[in-house]
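Undergrad: The following comprises the amino acid sequence and a computationally predicted model.
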Amino acid sequence: VVLGFFLRYRILNPVPDAYALWLVSVICEIWFALSWILDQFPKWLPINRETYLDRLSLRFEKEGEPSKLGSVDIYVSTVDPMKEPPIVTVNTVLSILSVDYPVEKVSCYVSDDGAAMLTFEALSETSDFARKWVPFCKKFTIEPRAPEMYFAQKIDYLKDKVQPSFVK
């Protein structure tokens, strides 16, 4: 409503001394008002979608047949190990590799635009660690799948497993 009054005033009161400048500014204001209104529509009526994983499994993964799920290629880009620590890239790659999807259908590519040796060595160690981490995540349904986030959780893993007399 306020926007309508503003645009009405701007259109009905042109500036005679600078008509071309006034016309350009009114066109731009109308354009920005329209784009703002279109930007507000998804916020007024958001769409919430839900994925039913059991239905996907029934449809695309049948017993005795190869999986019909599509292949997924994921690209991770990194530049400078000083601006983006390699541990962030490592956790991202490990999270991607341990996703709940058929192993033969997931590919992860890392693009290091800075060609840093530190990132290369970190990812080289990651490939060795991934051979242990990915099966561990899939076997025990670990969430979150990034090792840094998983081990940062405040969970008492020894709760009800250690006798109180043993720990002082």
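TA: The structure has been received and is ready for your questions. Computed from a predicted structure; not experimentally measured.
Undergrad: Just the buried residues of stretch 74-84, please?
TA: For stretch 74-84, the neighbour count (16 or more other Cβ atoms under 10 Å) marks 76, 78, 81, 84 as buried. (Each C-beta comes from the backbone N, C-alpha and C, glycine too.)
Undergrad: isn't the second one right up against residue 119?
TA: It refers to residue 78. Yes: using Cβ atoms under 8 Å, residue 78 is in contact with residue 119, at 6.0 Å.
Undergrad: what ranges do the helices span in this structure?
TA: Per DSSP state H, the chain carries helices over the ranges 2-12, 19-44, 53-60, 86-97, 117-140, 147-151.
Undergrad: could I have the helix or strand bottoming out on mean pLDDT in the chain exported to CSV, CA atoms only?
TA: Least confident helix or strand of the chain, by mean pLDDT, DSSP states H and E, is helix 53-60 with a mean of 81. Extracted as CSV, the C-alpha positions of helix 53-60 are listed here (Å, rounded to 0.1, in the frame of the first residue of the first chain):
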residue,chain,number,x,y,z
LEU,A,53,13.6,-42.3,1.7
ASP,A,54,11.7,-45.6,2.1
ARG,A,55,9.7,-44.9,-1.0
LEU,A,56,12.9,-44.1,-3.0
SER,A,57,14.4,-47.4,-1.9
LEU,A,58,11.3,-49.3,-2.9
ARG,A,59,11.2,-47.7,-6.3
PHE,A,60,14.9,-47.6,-7.3
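Undergrad: Quick one: distance of that helix to the chain centre.
TA: Offset of helix 53-60 from its chain centre (Cα atoms, centre = their mean, to the nearest Å): 23 Å.
Undergrad: Strands - which of the buried residues of stretch 74-84 land there?
TA: Judged by DSSP state E, strands contain the following of the buried residues of stretch 74-84: 76, 78.
Undergrad: For the buried residues of stretch 74-84, work out which two are farthest apart.
TA: Distances among these were taken as Cβ to Cβ; the most separated pair is 76 and 81, at 13.8 Å.
Undergrad: Please name the nearest non-neighbouring residue to the residue nearest the centre of the chain.
TA: Centroid check for the chain by Cα atoms, centre = their mean gives residue 92 as the closest residue, at 9.9 Å. Closest residue in space to residue 92, ignoring its immediate chain neighbours: residue 76 at 5.4 Å, by Cβ to Cβ, 6 or more residues apart in numbering.
Undergrad: same check, this time on residue 67
TA: Nearest to residue 67 is residue 102, by Cβ to Cβ, 6+ apart, at 4.6 Å.
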